[in-house]
Each structure stands twice: as structure tokens, then as C-alpha cells.
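>>> predicted model, plus sequence, below.
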Amino acid sequence: MNPFTYSRPNTVDSAIDELKTEPAAKFIGGGTNLIDLMKENIEKPSRLIDINRLPLTDIVELPDGGLRLGALVTNADTAYNPLVKERYPLLSQTILAGASPQLRNMATNGGNLFQRTRCYYFYDKAMPCNKREPGSGCGAIGGYNRIHAILGTESSSPLTTDSPTACIATHPSDMCVALAALEAVVRVDGPNGERTIDFADFHRLPGDQPQYDNTLQPGEIVTAIDLPALGFAQHYDYLKLRDRASYAFALVSVAVGLELEGNTITNARIALGGVAHKPWRKPEAEQHLVGKEATADSFRPVAELLLEGAKGYGHNTFKIDLAKRAIVRALTEAVTMQKAKQQ
Ligand code: SF4
């Protein structure tokens, strides 16, 4: 591990100022990913700016019926918060599907957005990796790529091991898949003041710059995540498929929310995890469900639409069919779970 200095500001403004004067510094909240990356010399910040004293630890109701989740509220406190459980059970379910209780007690909502990929080659400095070292190539293409992306991997250079831009990494977060389905809004502050970013625009596809995971500008900090009033609290599901039952990252995951009138769908959201560099949504596929009966026959064509253009790289090709089946199952469970509750 490289030497680094440490500071603990008390205000958001002073944290932003510290980062402005030392751009190689990093904010640290729970540190559940950053410390691992520092031990492996993947991340080498010159300073750790500990943000745990910042006043970003509340969950508050918004006038429009939504909720504001402070960036420093832990994942565990968010999942078990009574308002989150009641209005956004999809988010609670999704958070509890991730990591272990110990990690959820440390990890923060803001930090969850900044988890870096678990691609094996990203952590192995003996291997090429365009995300860790831009232009060096991609060890996963042509390597063991069972956990890698099947959607949104296009880059201007051919997708080969020695491509200077390619990356087929996936985003590892569970929580972010639910936040995508719920159309959350990320609140940030920085040298140019406060702004909001729609969740769909927060994470990015690799394109030709896989070293960047998100659209945050230099010096900015996430202060909160806003949940819109519509929480799909009646019909929802998070289906996470993984190699073992707990403490494993998703091979494929699906977060769904439905609104129904009788058995007719009036609103639908579907977000996929484990398949792309960011949570994957396709609003036109969701729109396809509106007005349809909530049956597997309606769900199957939508699964096909969501996976349109999917490409496997050998070991991960199984994800294409797995994702289609998972979408149908998650939607089916979202419909039947409420029926089961009522019985
Ligand atoms: Fe690096 Fe991305 Fe290739 Fe993994 S998939 S080796 S993170 S460039």
C-alpha cells in the first residue's frame, strides 16, 4: 500500500475544498471497496478524506411524497428503515440480497454507487486491463469471462484482447439495480455548486473510456439519493442469480416493479444487473407491457426486447438465455407475490 495522508472535514464545503486542492485524494465513507483496492495497489490516493463527519446521515420525507436517502446512511439502516420498507420494499429486498450483514453495516448509500467492477483482471496487475491502465488491452476478452457483460460493450476498436479501448466489465452493485428501476435521482455538490443526475445517467457504458465508471465531474461529492414517490410497493421483485446462495455477486439480476389494474399492467419498470457496465434498462421494452395482461405470454417478448443485441464472449454466453428467463420469472413473481400476501 502506498503512503497517504488522512483528514476528517466537518462540512461538505470543506470536503469539496480539500479535494479541489488535492485532486489525487479520495473520499472514504465505509471503505468496503476502496480499502481492498488500496491493498492491491489498484487505487493509490494521496490522501483519504474521511467524510463520516459530514451531516449526510438522515432519511427524510420529501414534499412530493418521495424520500431522500443521505449519502452516509448505511446500507443496513436504509434496508431496515420503516419508510423504505413500507414504500420501497424493492429497495430493501435488493440491498439485503447484497454482500454480508457486516459489509452492509459499514457500506454507505453514496459509496454503493462507486463500487468498482469485480472483473478478475482488473485486480490482477500482471494482466492487461483498459479500465486500470487505459490502452493496455482487456484480459477478459479471450480470457475467463463468466461474470462479464453481454450488453453495451461496443467500443470503436474491435473487441479483442489487445484492443486499446474495449472493456466487458459489469457493475457489481445490487442496490443500484433497484435505484435504476425506481428512477432515483442522485444529488451531488462540487466546485460549481449543487446539481442532480438522473440515475440512468449516473453510471456510463465503457465506450472508448472504460476507465470512467460514472459521470461525476472532478471534485464532486454525492450528498443524497432521492426516491420519487412512486415506489411500486404492491408488485415488485428482485431476483438475483448467483453461484452460491449468499455473499456472491450476481451473474444476472432483475429488479422489477409493476402497477396493475386487475390483471392489466398500467406501469412497468425492469432493470438488469450483472449484464452490463451499468444497470441496464430499456424504457421502450417496459412500455411494451403497458395495457397487456400480466402473464408470462406478455413477459416473454419483453425479455427478448431487453436482450436485443446481447453478445456473449464464450464463458458468459449462458447469461443471454438466463437473463431472459430471469426477467419472465421476476415479473411473474411480482404479480403473484401480492396475490400470495392477500391469501
Ligand atoms: Fe479490464 Fe474491463 Fe477488460 Fe476487465 S473487462 S480486464 S475491467 S478492461
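Looks like it arrived, so ask away. Remember, predicted model here, so these are calculated numbers, not experimental data.

>>> tell me the contacts of the nearest residue to residue 85 once chain neighbours are set aside?
Nearest residue to residue 85, sequence neighbours excluded (C-beta to C-beta, 6 or more residues apart in numbering): residue 92, at 5.0 Å. For every residue, glycine as well, the C-beta is placed using N, CA and C. Each residue near residue 92 by C-beta atoms under 8 Å, 6 or more residues apart in numbering is listed here: 78-80, 84-85.

>>> over to residue 83?
59, 61, 67 are the contacts of residue 83 under C-beta under 8 Å, 6+ apart.

>>> quick one: pLDDT of the residue nearest to the second one when sequence neighbours are not counted?
So that's residue 61. Leaving aside its sequence neighbours, residue 61 sits nearest to residue 67 (C-beta to C-beta, 6+ apart; 6.1 Å). In this model, residue 67 is scored at 98, pLDDT.

>>> residue 126: neighbour count?
Here the number of neighbours of residue 126 (other C-beta atoms under 10 Å) works out to 6.

>>> same question, residue 101
By other C-beta under 10 Å, the burial measure for residue 101, its neighbour count, is 11.

>>> how near is the residue nearest to residue 47 when sequence neighbours are not counted to residue 43?
Closest residue in space to residue 47, ignoring its immediate chain neighbours: residue 25 at 3.8 Å, by C-beta to C-beta, 6+ apart. According to C-beta to C-beta, to the nearest Å, residue 25 and residue 43 sit 11 Å apart.

>>> you'd agree the residue nearest to residue 47 is up against residue 46?
Yes - counting by C-beta atoms under 8 Å, residue 25 touches residue 46, with 5.7 Å between them.

>>> buried ones only from the contacts of residue 83, please, as a PyMOL command.
Filtering the contacts of residue 83 down to the buried ones (16 or more other C-beta atoms under 10 Å) takes a single PyMOL command:
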select buried, resi 59+67
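
>>> which non-adjacent residue is nearest the residue of the stretch 201-343 of the chain found nearest the ligand?
Relative to the ligand, the nearest point of the stretch 201-343 of the chain is residue 210 (5.3 Å; C-beta to the nearest ligand atom). Using C-beta to C-beta, 6+ apart and skipping the chain neighbours, the partner closest in space to residue 210 is residue 167 (3.2 Å).

>>> just residue 188 next, same as before
Here the residue nearest residue 188, using C-beta to C-beta, 6+ apart, is residue 220, at 4.7 Å.

>>> contacting residues around the one you found?
16, 188-191.

>>> from residue 114, how far off is it?
Residue 220 is 12 Å from residue 114, where distance means C-beta to C-beta.

>>> could you tell me which residues of the stretch 151-300 of the chain lie near the ligand?
167-169, 210 (C-beta under 6 Å from any ligand atom).

>>> pretty sure the residue nearest to residue 85 is in a strand, no?
No - Residue 92 is assigned helix when assessed by DSSP: H, G, I helix; E, B strand; the rest coil, not a strand.
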